[in-house]
Structures are given as structure tokens and as C-alpha cells.
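K.L.:
Using only what follows, build the 3D model:
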Amino acid sequence: TAVRHQAEKALVEFTNSPDCLSKCQLLLERGSSSYSQLLAATCLSKLVSRTSNPLPLEQRIDIRNYVLNYLATRPKLAAFVTQALIQLYARITKLGWFDCQKDDYVFRNVIADVTRFLQDSVEHCIIGVTILSQLTNEINQVGSTVFLCPSADTTHPLTKHRKIASSFRDSSLFDIFTLSCNLLKQASGKNLNLNDESQHGLLMQLLKLSYNCLNYDFIGTSTDESSDDLCTAQETRSLFNNAERAKFLSHLVDGVKRILANPQCLPDPNNYHEFCRLLARLKSNYQLGELVKVENYPEVIRLIANFTVTSLQHWEFAPNSVHYLLSLWQRLAASVPYVKATEPHLLETYTPEVTKAYITSRLESVHVILRDGLEDPLDDAGLVQQQLDQLSTIGRCEYEKTCALLVQLFDQAAQTYQELLQSTNSSTADITVQEGRLTWLVYIIGAVIGGRVSFASTDEQDAMDGELVCRVLQLMNLTDSRLAQAGNERLELAMLSFFEQFRKIYIGDQVQKSSKLYRRLSEVLGLNDETMVLSVFIGKIITNLKYWGQCEPITSKTLHSVRKLVKLSAVQFMLNNHTSEHFSFLGVNNQSNLSDMRCRTTFYTALGRLLMVDLGEDEDQFEQFMLPLTAAFEAVAQMLSTNTFNEQEAKRTLVGLVRDLRGIAFAFNAKTSFMMLFDWIYPAYMPILQRAIELWYHDPACTTPVLKLMAELVHNRSQRLQFDVSSPNGILLFRETSKMITTYGNRILTLGEVPKDQVYGVKLKGVSVCFAMLKAVLSGNYVNFGVFRLYGDDALDNALQTFIKLLLSIPHSDLLDYPKLSQSFYSLLEVLTQDHMNFIASLEPHVVMYILSSISEGLTALDTMVCTGCCSSLDHIVTYLFKQLSRSTKKRPAPMATDDRFLHIMQQHPEMIQQMLSTVLNIIIFEDCRNQWSMSRPLLGLILLNEKYFADLRNSIVNSQPPEKQQAMHLCFENLMEGIERNLLTKNRDRFTQNLSVFRREVNDSMKNSTYGVNSNDMMS
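P.N.:
The predicted model follows:
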């Protein structure tokens, strides 16, 4: 890692050196090694992609021409060097797509660029086709867009990408696709020798080029290649009328039929995978009513069913493709109740076959996986859940057959399992196989019961569910009775999944209590109603917490959801006995990690909610409940009071304790109960938390839980923090908060530079919690912050100064790279600009510029919450500035020196506010603006502070339109400011917001009909 770090550092220095270009050229001309050529190509790619100090247009044209000549004269370079140089060409072309020289778009002559390659040797042809293929792929990818032009909209890659992609689609894509089809026709007309490496390579590249053209994001909406909805060849209703659509579908289905009738190429995993994707697209693009009308539908659905069954039976081949097949059958099954066509769909015949194949193949796989030591799909919870969600719909189609199969298979497996357990000479392997089969069956039973929500259920089907539920509960009784000797983690997780599905369908106010399911449970197990079933569930929760305390997956899933349980005797047992004696995971185990205690917070949140139901104002009941935690705090206090204490034991006890308390604090969202907790912890135990931060600030496993507890305690959730008028507790609580933030902040800054891969865990996570804590206390409305300065108390100043120190230690990029840090910082900044603008105004110029830059970058964040927070912060700053300027022009009494200084900073750096005006206007006009109201609020202030600049922007946008559109665009801007006065009163702002809504609609309508579009390069200059 150290060597790699050094190499990366050297590469950055090489790329940033002034003579990088000439060095790269030397490496390409004289380098004897392929790796030196690769280094040159990589550095040039970085060079042409950089946004700061970009290369001039002439230089980029020279590089483009040089690369083409280099490839033409050296057709036999190492493959990875050729690939890197083609990537460089594609990058230059994409980024310079809108660059003009003497009214000529110099980077758009792509077909002319490759023609000479296509007229030469096979090696040259391969290079030419690869250039077009790579370019199409590059322009289709959102992530590769970085801008070269200094005037470009560098903060809006998505907008720029869409403009380039749309222009390329309209001007070049069809010509490239036509060329690839013509070349394929020529190739198919010749007697190709596919054993010849170069001929085979050329054909592969031609197919890849055609594929990239068809896979192009024509409508500008695809963002994720892994998405199920990415079209194999994108076909939308708007392309065809109904007759053409039916004809196209007929061709597709005929092609599918021919492939299935002659599947010689499907054993290739890539072909097989793409074919499965095509089958899935059939139902997502077409209705079942359309499919059944296709000629040969009965034959095709039979072939598809056989193909699916065979694929499921060969579960070890291409497991990632199964998703697409199940997706097809899920959508087909879900459509059955709605299909209106008279032609038979035949799904009642084939869907049960698919269900049976899935279930039996999973059971048969268990033995093979154990025998051969293969990876168990049950360990991939996400994959299993995805497949079960699909099966839940498929299995409810012809549900009688599904249930009969499950009952038969479950009874066989359970009987074999019981016999093995009773036998004295049965092998562990045989028992594990049966447990694996039962695990799949429990998961599947849970899934098909959960599928009831998708279909109109009948009493008979509820009775069938009852048969399945009885069997799972009987199995649970058997496995629980053995937990003292042995248990199976996967089977326990399957039980929890089953309980969750059962709870969603059969527990709740909407369930008819006369349901035939409960009738069957009463007959077999004596469980007459919902409450008795809940007692079984809570008994299972206690059993799991008792026996599986050290197994995090089971413990966290067990605690996930506790509802309607308060009156049960088992719950009363938990409320009175929450100690490690009864629940092992509450113990202090020296072998486990500190981070393994996370489930304790969930446990105590659940307990806290249960306690709250009947707690009322009963302080004795509260004190009784808190006894184990009181004892733990006293133990920690005792340890910390001596000089020679066991540090690890102290840490473990404290971390467990603060996690428990955070769970309780989160649950106590009513004033009465929360005040009991507050009086219990303050002032008695607060010094212990402060001491822990002082001692262990460098250990995030210890400090993060403490900081999170404090952040929860100061959070005025549901107005629970309401102190009496004679109580100083609000101010005292803020002092403790300030002390903790200051202690942690000053100490964490002494760590110096933290390696990039550790910086979030070691530093930024704690800083993020501090920001959240400060935001919660500043916006809690239980402290009057004016009194601190009035009485010379420095608590507020210390907290704010620590915030600034922490902020300046974080690079801008990190603020946006880590989502939790982004959200806590920007929400805190919103509160500071709203209520503490005098503090912001008093900061040093470089700090003010840092904050403004962070707002500017946050305006374009993908996270809407961050973007909205930035708009609000900017609005507060702009309003403050506007008021100060208005005051100074009205000859009011001299403002404070800080106000003067802030105004002076803004006047020294007008480009910062102007940049944000451009950014906001650009988002509103060009982007899919999801928070238009928020964007509109600072925009009026920005315009009033920069009227001349706004006029220039407006003229630039108008002039960039085609001549016949300029008048309409000019009118849009006139209407935007119609009736707007030079003030920021609420009535004026609301009028502007309404105008802006109309403005955006009219501008979009105007640009839709424009072949030019708006050139955002001009706008941002």
C-alpha cells in the first residue's frame, strides 16, 4: 500500500509539472516499454480532463491529431496502450464537442477521422471501429463528463453531459450505426475465418460498436447500468403506432422462439445472460394482453417455461441470470387478474411448473453445496430476499398447487430431521443437510404468505396458509428445545423472516379475527387469536436474545420490530430483568469488539417504548427500570476515580451503557418521561461522559457512542425539552454541550494528518456528530443565546469557534464526499445563518470565503436535503447583505464594525455571489430542478445585489438563442421581473416565486422547440 501511495503521489506530481506535455510526447516517441507509453497516455487523459488551468483549444487539437497519427503509424502496439490512446481520443472529443474554431466544430468530424483506418489493413480497421465504439460509450456515460472550457458550467456535469449526449445522438449516432451495419453486411458476405485472431477481433469490435449504438441512452434517463430497466435495445411507445408495435413484438417473439428451438449458443454464460435479460424485457415493455395475441404464443410460452425450469434446475450455472427469468414470471403472474384478452394465457399450466422447479432445485442444491464446499446462496441475504420477493407473486398463482407441494416437501424434510435427531448414530452432515432444506422451506413459506397482499385472497387460501404456519411453528418448538446443545444460524434467520411476513399479513387491525388461518392454528396448536400468537413471537424474541446474544445478525433482526406487545407477561419479564444474566449480549465480553454492541441501542429503544406505554408520571417505576444502568454508571465512576483501573473493562462498560441510554433517550419522546431521564443523568453522571471524551478522544469506538448520546439528549424531539421558567437547566445543558464539543474538537485536531482511508472513522464521523449536536442545541428553542454575551459567559463563543476550527481542517471535497457529514454540516450552517449571522459576519475573510465556497458547491449536490439547506443558508446571507446595504444608503446610525467588514469582504469578492447567481439560474433553466421553491428564495436577493451582472447574463442567454427565438426569450425575462419591487419583503418574494414558476415553464417550452438550445458556456462566462 505504501509503494502504491508513493507511485500515485509521483504520478500526480508528474501530471502537474509544467513540462508534462513535452515529457509525455517524449515517452510516446522514444519510450521502449509499453508501460511508459501507457503512462504517457494516462497522464495526457488527466491533463485534458482537468478543470483548473485547462489546455488551450489549439493544444487539444494538436493532441487529438497526434494520437490519430500515432495509432495509424503503430497499429501493433500492446492492446492496453492502444486502448488507453483511444480512450484519450474519446475523452478529448467528448469534452471539446461544443468547441468552435472559425465557426467549425473541430471535434465533431469523427467519421472522417476514422475513415482512413477503415480503408487500410485489418489491424487498422480494428482500431477505427474501436475508436467509434469507445467514443459512443464515452459520450453515453454520465460519470466521464468533466469540463475543459474555463467558462464552462463546471459545477453542472449532468447538464453538460445531457447537452453533449443529445447533440451527438442527433448529429453523429445514426451515421455511426449505419456504418457499423454496412461493415457487418460486408463481413457477412465474405468467407470469414473466425480462427484467424485478427478477423475474429474485427468482427467482435463491429458487434460491440453496434451494441453500444443500440444501448445508447436515447432519452437521457438511464443512470445505472445495473438497473433492471436498462433496455437491451430501447423501445418506447412513442416510436411506434399500435400496428407497428404489434409487428415489432411479433418479430421479437419469433426471434425468441427460434433461439429456444435451436439453443446452440446459450451455453455461453454471456449469451445466456443477455438472453435472460431480453426475456425479462418482453413483459416490462409489453402487456400480457399484447403477448397472448402474438402468433405462436402457446408454443413460445411453453418453450420459455421449459427454458426457465431447465435453468432453475441447473442452479450452479449463471446464478446472476436467474433474477431476470423470475422477473419475467413475476410480472406475468401479477398480470393474470387484469388480462382482458380472450386468447388463453396458459399461465395456470406453466407457472406451477416454474414454482416447483425453483423450490425443488433450492432443496437439491443444499447437499451439493455442503459436499463440494461451494458458496452458499443463503449467505447472500440481498439475493435471497430479491428472489423470494419474486417467488411470492409467482407462488400465489395457482396457490393450491404451491401449498400442496410445500406441505409435502416440508413434511418429508421435518420427518427426516426428527428421525436424525432421535437416532444415536446420525452424522452431523446429514443433520446439516436437512436443516439447510428446512431453511429454504421456511423462507419460501414466509414469502408465499407475504405474497397474499398482491392477490385477492379466499378463505380456502387462508386455511392453506394456516397449514403452512402450523408446520413452521411446530418446527420452531423443536429447534428451540435443542438450543442449549446446538442451533443453526441460517434456520433462525429464516424463522425471523417468516415472522416478519406473517406479522405484515395476519397481525393488525385490518385482519379479520375470524380468519380461517386462526381457526387452523387453534385446532392444531391451541392458538386462538392474535394475542396468543404474539405471545409465541415474544417468547421467541426472548429465546433468541438468551441463546443468540453473541450473534449480531440474529440479535439485530430479533430486535428490529416490537409492536402490540406491552400487556404480555413475557414483556413484563424483559422490563424487569434486562441484565446480562438473562440476556448475554448485555454482558461485557472481552473477546468482542466495542462496535459489536450496536444492537443494545435497538434493544433499549424497544424496551423504552414498551415502558413508556404505562409509565405516566410513575418515578418509582422509572427508578426501578434504571437500576441496572445506575449500577453500571457507579461502576464506571468507581473505575475512573482510581489511577490503576482496567482501561478495556472501563471502556466496554461505558460504551455499552451509553448505547443503552441512547436507546432509552430516543424512545422517550414525551416531556414527562424525558425529564425523568434528564434529572437522572444530570448533573450526577455528566462528568463521567466528559471525562471519557478527555481520556479516549483518539478512539472512535468509544467517543462516537458518547457523542451520539449527547446529541440525542440535546435534541428537542417532540418538544420534550421544556424547562420551568425558574429552571436554569437549558443554559446548563448548553454549557455541557459546549464543553464536550470544545474538549473533543481541540483534542481531535491534535491528531494531525490522518490517512485518507481512515479519516472518516477516526475523525470525520465524530466531527459530523458534533455538528449535529450543535445544530440540535442551537435550534432546540430552550436556550436564550443572548444571555451568554450579556453575562460574560464564553460557552457559546467556545462552541462556535471550535466549529470553525473543525470546519477549516476539512477539505471541501470531504464535505460532499461523506453524506452524513454533508447533512450535519449544511443543516448546522442553515441554523447559523438564520440565527447567528452576526457571528458569521465577524469571521476572517478566508473563513467567510470557505463557507461561501461550500454553499456554492452544495447548491449542485445530488442530495436534495443538502441542496435545499444551501439555498436556505444563501437566502439568509443575501438577505443580511441586502439589509446592511439598504441601511448604509439610508444614512442610518453607523453599523457595527463586523457588519462593515462583512460588506467589505463581499465587495472585494463580487465573483463569489455572481457565481452563485449563475449557478442557481442555470439549475432552474437547464436542470431537473427538484426544489424550485427553495431555489427561488435566494435568487431574488442575488438579482437585486447584482443587477448589472444579471442584465449581462440575461443578454448572453437571449443572444445564444436562434434569431427567431430571441424575442420570446427576452419576453420570458421581462415577465420574470414584472411587478417585482427592490425589496425582500415576503409579499414581494412570493410574487417572484410565482413569476419564476411561469418563467421556467415558458423557457423550457421555448428551448424544446430550439435546435440550438442555450449555450451555458456563454452564460457562465
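K.L.:
Show me what stretch 755-764 is in contact with.
P.N.:
His698, Pro700, Ile748, Leu751, Val754, Ile810, Asp814, Tyr818, Leu821 (CB atoms under 8 Å, 6 or more residues apart in numbering). Every C-beta, even on glycine, is put in place using the N, C-alpha and C of the backbone.
K.L.:
Of the residues you listed, which is the most crowded?
P.N.:
Counting neighbours by other CB atoms under 10 Å, Ile748 comes out on top of these with 24 neighbours.
K.L.:
Tell me the confidence at that residue?
P.N.:
Looking at Ile748, its pLDDT stands at 93.
K.L.:
measure it to Leu279 for me?
P.N.:
55 Å (CB to CB, to the nearest Å).
K.L.:
related to what we said a few turns ago, please list the members of the contacts of stretch 755-764 that lie in helices.
P.N.:
Pro700, Ile748, Asp814, Leu821 (DSSP state H).
K.L.:
Give me the three-state assignment for the closest residue to the last one other than its chain neighbours.
P.N.:
With CB to CB, 6 or more residues apart in numbering as the measure, Ser768 is the residue that lies nearest to Leu821, at 4.3 Å, once sequence neighbours are left out. Using DSSP: H, G, I helix; E, B strand; the rest coil, the structure places Ser768 in helix.
K.L.:
Kindly provide the distance from Ser768 to Ile748.
P.N.:
Distance from Ser768 to Ile748, by CB to CB: 12 Å.
K.L.:
same question, Ser824
P.N.:
15 Å.
K.L.:
Kindly report the same for Leu828.
P.N.:
Counting by CB to CB - Leu828 and Ile748 are separated by 17 Å.
K.L.:
okay, the ones in helices among the contacts of stretch 755-764 in CSV with distance to Cys870 next?
P.N.:
Listed next are the ones in helices among the contacts of stretch 755-764 as CSV, based on distance: CB to CB, whole Å:
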residue, distance to Cys870
Pro700, 28
Ile748, 26
Asp814, 16
Leu821, 14
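K.L.:
so which of those residues comes closest to Gln624?
P.N.:
Pro700 (34.2 Å; CB to CB).
K.L.:
residues contacting the closest one?
P.N.:
So Pro700 contacts Gly761, Val762, Lys765, Gly766 (CB under 8 Å, 6+ apart).
K.L.:
And the chain, split by domain according to the record?
P.N.:
1-219, 399-528, 829-1009 (the TED database).
K.L.:
Out of the ones you listed, flag the one nearest Glu617.
P.N.:
domain 399-528 (29.0 Å).
K.L.:
contacting residues for Leu328?
P.N.:
With CB under 8 Å, 6+ apart, Leu328 has these contacts: Leu279, Ala280, Leu282, Lys283, Ile304, Thr308.
K.L.:
Would you agree Glu617 is in contact with Ala670?
P.N.:
No. The pair Glu617 and Ala670 fails to qualify as a contact (CB atoms under 8 Å) at a distance of 10.5 Å.
K.L.:
Can you pick out the residue with more neighbours from these two?
P.N.:
Ala670 (15 against 10).
K.L.:
For the more buried one, grab phi and psi.
P.N.:
phi -110, psi 150 (degrees, to the nearest 10).
K.L.:
What confidence value was assigned to it?
P.N.:
Reading off the model, Ala670 has pLDDT 87.
K.L.:
any idea how far Gln719 is from it?
P.N.:
With CB to CB as the criterion, Ala670 and Gln719 are 9 Å apart.
K.L.:
do the same with Leu383
P.N.:
44 Å.
K.L.:
Check Phe666 too.
P.N.:
16 Å.
K.L.:
Give me the more crowded residue out of these two.
P.N.:
Comparing Phe666 with Gln719 by other CB under 10 Å, the one with more neighbours is Phe666, at 19 against 13.
K.L.:
Could you verify that that one is part of a helix?
P.N.:
Yes. Counting by three-state DSSP, Phe666 is located in a helix.
K.L.:
number of nearby residues for the closest residue in space to it that isn't next to it in sequence?
P.N.:
Spatial nearest neighbour of Phe666, chain neighbours left out: Thr605 (5.2 Å); criterion: CB to CB, 6+ apart. Using other CB under 10 Å, Thr605 is surrounded by 20 other residues.
K.L.:
before we move on, what about Pro344?
P.N.:
13.
K.L.:
ok, now the one 4 residues further on?
P.N.:
Other residues near Glu348 come to 12 when the count uses other CB under 10 Å.
K.L.:
helix or strand for it, which one?
P.N.:
helix 347-372 (DSSP states H and E).
K.L.:
in that helix, what counts as buried?
P.N.:
The neighbour-count check on helix 347-372 (16 or more other CB atoms under 10 Å) flags 347, 350-359, 361-363, 365-367, 369 as buried.
K.L.:
So what's the residue count around the residue nearest to Leu832 when sequence neighbours are not counted?
P.N.:
Nearest-residue entry for Leu832: Ile840, 6.1 Å, with adjacent residues in sequence omitted and distances by CB to CB, 6+ apart. Neighbour count for Ile840, taken as other CB under 10 Å: 22.
K.L.:
from what I can see Ile840 touches Ile851, true?
P.N.:
Yes. Using CB under 8 Å, Ile840 is in contact with Ile851, at 7.0 Å.
K.L.:
what residues are shared contacts of these two?
P.N.:
With CB under 8 Å, 6+ apart, Ile840 and Ile851 have no common neighbours.
K.L.:
got a list of what the closest residue to Tyr826 other than its chain neighbours touches?
P.N.:
Computed as CB to CB, 6+ apart, the closest residue to Tyr826 that is not its neighbour in sequence is Gly869, at 3.9 Å. Listed by CB under 8 Å, 6+ apart, the contact set of Gly869 reads Gln823, Tyr826, Ser827, Leu829, Glu830, Gly858.
K.L.:
how about the strands in the stretch 501-650 of the chain?
P.N.:
Using DSSP state E, counting those that start in this stretch, the strands of the stretch 501-650 of the chain do not appear at all; there are none.
K.L.:
Span of stretch 662-674 from start to end?
P.N.:
12 Å (CA to CA, to the nearest Å).
K.L.:
How about stretch 89-104?
P.N.:
19 Å.
K.L.:
pretty sure Leu95 contacts Ser45?
P.N.:
No. With contact defined as CB under 8 Å, Leu95 does not reach Ser45; the gap is 10.4 Å.
K.L.:
quick one, strands of the stretch 51-200 of the chain?
P.N.:
Going by DSSP E, counting those that start in this stretch, the stretch 51-200 of the chain shows strands at 100-101, 104-105.
K.L.:
burial measure for Leu183, as a count.
P.N.:
21.
K.L.:
Relative to Leu118, how far out is it?
P.N.:
Distance from Leu183 to Leu118, by CB to CB: 8 Å.
K.L.:
shared neighbours of these two, anything?
P.N.:
Val129.
K.L.:
Arg930: what's it in contact with?
P.N.:
With CB under 8 Å, 6+ apart, Arg930 has these contacts: Thr864.
K.L.:
And Glu736, by the same measure?
P.N.:
Here Glu736 is in contact with Tyr682, Met686, Gln690, Met710 (CB under 8 Å, 6+ apart).
K.L.:
cutoff 6 Å now
P.N.:
Contacts of Glu736 were listed using CB atoms under 6 Å, 6 or more residues apart in numbering, and they are Met686.
K.L.:
In which helix or strand does it reside?
P.N.:
helix 729-748.
K.L.:
Can you name the next helix or strand after that helix?
P.N.:
helix 759.
K.L.:
I'm done for today, thanks for sticking with me.
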